[in-house]
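Asker: Take a look and give me a structure for this.
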Amino acid sequence: MSEDENNLGTCPVDRGLMRVGDRWSMLVLRDIERGLTRYEQLRTSLGIAPNILSRRLSALADAGLIEKRRYSQRPPRDEYLLTDAGRDFLPILMAIGAWGRKYNGAGTLSRHLDAATGEVVRPVVVDANTGAPIGSRPLCFEYPE
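Answerer: Just a heads-up that it's a prediction; the model follows:
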C-alpha cells in the first residue's frame, strides 16, 4: 500500500468523497453524462467560473473519473468523457437526485425517464446479495485490524 493510500484512512465514504466530494465536481459529472462534454458547454450550463471549472476537470481526470480527449488541433480543443469509474458513479448521482427530489423538491424539477418505456426512473440502492433496499434493515460495520 502506498503512503497516499495509508493517509486516506479505512472509510470508503471518506475515500470516495476525496475524489468527488464537492457540489461542482458532481454537477460536472452529471452534465458530462447528459452529453455536455466540451468546456464551454459545461461552463455555460453550470454558470461556473472558468478557474473553478478548470480545477474540477483536472481533479476529476486525476481521480480517474473522466478523461480528456482532443477533438480539434487548431485551435486546440478537448472534450471530457466519463471513464468506467465515472459511469459507475452515475447511480450515486441518481440516488442523490432522488433524495433531493424527496426532501428538497419544491418547484419544477428535471427527472430521468426510461428511454424505452418513458416511465420516470425511481432509483433505489439495494444490497446485491439480498436485494433488500439499503436502510430497510440493520447493518453493522467491520473494522480492519
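Asker: burial of residue 32, as a residue count?
Answerer: Per other CB atoms under 10 Å, the neighbour tally for residue 32 reads 24. For the C-beta atoms, the positions are set from N, CA and C on the backbone; glycine is no exception.
Asker: Tell me which helix or strand it sits in.
Answerer: Using DSSP states H and E, residue 32 sits in helix 23-33.
Asker: Report the buried residues of that helix.
Answerer: Neighbour counts over helix 23-33 (16 or more other CB atoms under 10 Å) mark 24, 25, 26, 27, 28, 29, 30, 31, 32, 33 as buried.
Asker: for it, packing partners?
Answerer: helix 12-20, helix 39-46, helix 50-62, strand 66-72, strand 77-82, helix 84-103 (3 or more CB pairs under 8 Å, 6 or more residues apart in numbering; DSSP states H and E).
Asker: mean confidence score for the fifth one?
Answerer: Yep, that's strand 77-82 we're talking about. Averaged over strand 77-82, pLDDT sits at 96.
Asker: Quick one: distance of it to the chain centre.
Answerer: Relative to its chain's centre, strand 77-82 lies at 16 Å (CA atoms, centre = their mean, to the nearest Å).
Asker: Would you indicate which residues of that strand are buried?
Answerer: By 16+ other CB under 10 Å, the buried positions in strand 77-82 come out as 78, 79, 80, 82.
Asker: residues touching the last one, list them.
Answerer: Contact analysis of residue 82 by CB atoms under 8 Å, 6 or more residues apart in numbering lists 29, 32, 33, 65, 66, 90.
Asker: What are the phi and psi values at the fourth one?
Answerer: Going back to what we said before, that points to residue 65. In terms of degrees, to the nearest 10, the main-chain angles of residue 65 are phi -90, psi -30.
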